[in-house]
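Peer 1: give me a 3D structure for the following:
(chains A, B and C)
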Amino acid sequence: MPARIENITLDVPGILKPKGIDFINEAAIKIEPDNSKVFTVSKEIPYDYLIISTGPHLSFEEIPGLGPDKGYTDCTFTLDHAVKTNLSWKKFLEDPGPIVLGSAQGVSCFGPSYELAFEMDAELRGMKIRHKAPILYLTSEPYVGHMGVGGLRNSKRFIEDEFAKRDIKYLTSQAVEEIIPNEVRLKDGTKLPFKLAMIAPPFKGVPAVAPLGNPRGFIPVDKNYAPLGNPRGFIPVDKNYRHAKYPNIFAVGVAMAIAPPEPTPVPTGVPKTGFMTVKMAKTAAATITAEIRNEPLPSAEELSVVCLMDMGDTAALMKAYPVLPPRQESVLKGGIHYKWLKAAFEKYFLWKMRNGLTNLP
Amino acid sequence: MPARIENITLDVPGILKPKGIDFINEAAIKIEPDNSKVFTVSKEIPYDYLIISTGPHLSFEEIPGLGPDKGYTDCTFTLDHAVKTNLSWKKFLEDPGPIVLGSAQGVSCFGPSYELAFEMDAELRGMKIRHKAPILYLTSEPYVGHMGVGGLRNSKRFIEDEFAKRDIKYLTSQAVEEIIPNEVRLKDGTKLPFKLAMIAPPFKGVPAVAPLGNPRGFIPVDKNYAPLGNPRGFIPVDKNYRHAKYPNIFAVGVAMAIAPPEPTPVPTGVPKTGFMTVKMAKTAAATITAEIRNEPLPSAEELSVVCLMDMGDTAALMKAYPVLPPRQESVLKGGIHYKWLKAAFEKYFLWKMRNGLTNLP
Amino acid sequence: MPARIENITLDVPGILKPKGIDFINEAAIKIEPDNSKVFTVSKEIPYDYLIISTGPHLSFEEIPGLGPDKGYTDCTFTLDHAVKTNLSWKKFLEDPGPIVLGSAQGVSCFGPSYELAFEMDAELRGMKIRHKAPILYLTSEPYVGHMGVGGLRNSKRFIEDEFAKRDIKYLTSQAVEEIIPNEVRLKDGTKLPFKLAMIAPPFKGVPAVAPLGNPRGFIPVDKNYAPLGNPRGFIPVDKNYRHAKYPNIFAVGVAMAIAPPEPTPVPTGVPKTGFMTVKMAKTAAATITAEIRNEPLPSAEELSVVCLMDMGDTAALMKAYPVLPPRQESVLKGGIHYKWLKAAFEKYFLWKMRNGLTNLP
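Peer 2: Purely as a prediction, here's the structure:
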């Protein structure tokens, strides 16, 4: 059963209103942390506390020809892009050929590209045309299974084996120079022909918190602008997700900064999954509540992460505490029941969100 | 039970005669495609259709010291050579030492060398002398398990593991410079001592179809000679195995040309197994029949391949459709029952051939 | 249950006396093989036969800063050092941090460092602080699982996988330049910070048999001194463990010399385990007995080895015949029951020794 838009979107204002929360559907274009104000194109919004949970700016503009809007590659990171990709996929099936998919330099979310590789493989086999569509997984990771977290248990060998079994080739430690129609050009000079390409773009903080004068895509604000984020626009926070300089500003999810576990030859970022984001948001909220009530701040635990990775004809469970190595606990297991669990979790999570039941686990 | 010659040879004229097919047991030395004639040393044979299914020319002469006839290595690719090898093996067992076996540059049939490695290991263990005979698998493949087809599923890791378990060492991407008594000399300068060496020779097309003036071993025919084969003597054909230029010439089996799936640092060729050859021959025959009957030509399917690899104390099933990646379907499984299946298939196949029942599966 | 000193030490004089064997607890400082005399600081001891089974000289002095006595690293190879290490470990647990452990250049006993890595990992997980103590396995081996014997079956992949599952990182083919407080400095310039370091020292023969004039740590004896050992102080022997030049001198255990199976980029030695040493000693004793009785000398079989490696939460059985490849027989298997077997064997072996029952298997 194909996903329908209404099944995977939420009526955010409707969910928030009963809880007494206003929802303003406008992009923030500036923050004045010294004045405690956020600006959108039409509004000036004062705040006591500010929680920045914008997610990333998908920085397609850093690589010429990247992305579905001004370039030649597809992407499923936004609903619009996913809808476009659906059309590209259908067209591709009429006359299949080489697929290139994966993650450009500066990506900090690798899981979806792995899922895409596995899902496309399974889909194409189902249609008996897999041999007409070579799949190349292209990535900035230093090895497959790195995932921005330095790997998880034997994830390197696990992915190598699962890719080998499925004839999915891969290139690691790669940076993309540019995309032209039907060709990915890597910084090392390699040219990769494609009929369909899905390359995750570099991640950045959103313009409102990013440094001024970025060569591509950021909105210059004013001369005295002191950005909240680091050079890539991610916001440094303490263990309670509070901004290093402004105690009434918090950042959670992709917006906040996590140092990578190790330098990689091509830059990669640490993923901040939905699971992690929910935990961060709860800690930030509890911290603000405690502060208002003049109670002791909650002691923030190290983040853990649980992931269910779709693998087309099977799935895998990944669990890590802490997120980055060395870890006290880690799990990596494959099994079809994780696919069922993933489907069930999606339904449960959307039901929970739709009904505002965020206090449920 | 050791194989006896009469159990593995066929009375070809006797099998073909009842079907009204003449068998001339002479090597073709020249083809005149414009005149539709084949020449042997004693005969001039006109044809309406010509099907070239000669198998390879085993090009021992390309590597000084290679081969059982003028060199120092053994081989099992012809009956004569296999009989000689049997004597070498018995002599070797009296005073065992290092074994070097594998495939020289330009080989396009790797399976038998893998089988030899596994079989010798099992045989020597059975005699409790394995520790006196280090086995080195030497190959032009870029990695073990490549097999000329870019690997099959996780064949690289599969062979690495099975070799490791059996103390079989390996050297990949190697080309042989020359063989002297008890020493293989590689192009990179490495010298490998041996008591027994079995190195598969480079494969070429037979002289009758190969380019003139090849420095070693080919018979110069005449000055206006336009070879049917490519520079290595393999014959380019279309999907129905018909020659690119001469529509009444077909080529099947090792004689025809398949482009490799990827360039390898040391040249390797794509294997054309017996299984594949039978399919090719049936397609060629059906094409000629259809043409004669003025019916639509059969649409040739992409080749698939099924292999049963003997591994000494076990065996493996390999299945691929198509032969080269990316593949719609592929299987790689180990198991002792594949050894029984291989033995049973041999009996079945020889019975089928002996009785001319080629219409059976 | 922690080990208590009295449970793992033996009353050697008490065990030997009933058998009519004197025990002199003094280090030999010189051997005069031409005069058949051994010297200690206080004694001059003539002999008919001499069996050298001293074990190694732990050559901490070859690497500045190495070892528990004059340096900054711990070690469990002697009882004193093990007792010290126990204190270091307890202190470490109060404020954990990076662990570096493994084997310096010239080590010929790798198993204990593998066991340490696995045991520390399990211990730290049990205390729920594993994520505060990154473990780095540092070694002169060319790859993990080499163990000085060129690996055992798929030991490379086995250790890679087991280390990956436990977040134990590794560096291979490394030589240590020096140790300063909280930092291991490698010859290639790498600096490894540590809170706890346990690096096995280079192995040498003991001073009494080693070449004169060694720059560090050996006692100069006299000018006409001809050492019994090779340049590293290990004693070359024949298959009955008899010295090459002096027929009334034998050497068994770490004291004797075994050529490595292959040169390694950084020098490593072949381990001589307790299991092997017992076999050597029995062969040497039988040879002497036969000679005295004027009987034919026992034909010495090639050495085999059986090892039970503790892996913290599990264990592994390793078996090899012969010790070095190629092998007639080899086993590498993991399983918790090998841990029980190891514990049981320790009790059995100490009981056997304590009661002088060396004729038991």
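Peer 1: what does the pLDDT read for A:Y225?
Peer 2: You'll see A:Y225 listed with a pLDDT of 60.
Peer 1: show me what contacts A:E295?
Peer 2: A:T289 (CB atoms under 8 Å, 6 or more residues apart in numbering or on different chains). From N, CA and C alone the C-beta is placed, and that goes for glycine too.
Peer 1: contact residues of the stretch 1-150 of chain A facing chain B?
Peer 2: Along the stretch 1-150 of chain A, the residues adjacent to chain B under the rule CB under 8 Å from any CB of the partner chain are A:125, A:128-135.
Peer 1: any idea which of the residues you listed is closest to B:A251?
Peer 2: B:A251 lies nearest to A:H131 out of those, by CB to CB, at 23.6 Å.
Peer 1: one step back: just the residues of the stretch 1-150 of chain A next to chain B: which are in helices?
Peer 2: Secondary structure assignment (DSSP state H) places A:R125 from those within helices.
Peer 1: out of the residues of the stretch 1-150 of chain A next to chain B, who's the most crowded?
Peer 2: Highest neighbour count within these, by other CB atoms under 10 Å in any protein chain shown: A:R130, with 25 neighbours.
Peer 1: number of nearby residues for the residue nearest to that one when sequence neighbours are not counted?
Peer 2: Spatial nearest neighbour of A:R130, excluding adjacent residues (CB to CB, 6 or more residues apart in numbering or on different chains): A:L124 at 4.2 Å. By other CB under 10 Å, 22 other residues sit near A:L124.
Peer 1: CSV for the residues of the stretch 1-150 of chain A next to chain B, including distance to B:A300 and pLDDT?
Peer 2: Converted to CSV, these look like this (distance: CB to CB, whole Å; pLDDT from 0 to 100):
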residue, distance to B:A300, pLDDT
A:R125, 22, 97
A:K128, 17, 96
A:I129, 18, 97
A:R130, 20, 97
A:H131, 15, 96
A:K132, 16, 96
A:A133, 21, 98
A:P134, 21, 97
A:I135, 26, 98
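Peer 1: count residues in the vicinity of A:P271, would you?
Peer 2: Summarising burial for A:P271: neighbours were counted as other CB under 10 Å, giving 21.
Peer 1: which intervals of chain A have sub-threshold pLDDT?
Peer 2: Chain A contains residues with pLDDT under 70 at A:1-2, A:212-226.
Peer 1: mind listing the helices for it?
Peer 2: Secondary structure of chain A (DSSP H): helices located at A:12-16, A:79-94, A:111-126, A:155-165, A:274-292, A:336-354.
Peer 1: which outside residues touch stretch A:300-308?
Peer 2: In this structure, residues lying in contact with stretch A:300-308 by CB under 8 Å, 6+ apart are A:111, A:239-241, A:273, A:275-276, A:279-280, A:283, A:287, A:315-323, A:329, A:338-339, A:341-342, A:345, C:131.
Peer 1: enumerate the positions of that stretch that are buried.
Peer 2: Within stretch A:300-308, the residues that count as buried by 16 or more other CB atoms under 10 Å in any protein chain shown are A:300, A:303-305, A:307-308.
Peer 1: from those residues, which two are the most distant?
Peer 2: In terms of CB to CB, the buried residues of stretch A:300-308 reach their longest pairwise distance at A:A300 and A:L308, which sit 25.0 Å apart.
Peer 1: on that earlier part again, closest to chain C among the buried residues of stretch A:300-308?
Peer 2: Using CB to the nearest CB, A:S304 is the member of those that sits closest to chain C, with 10.1 Å.
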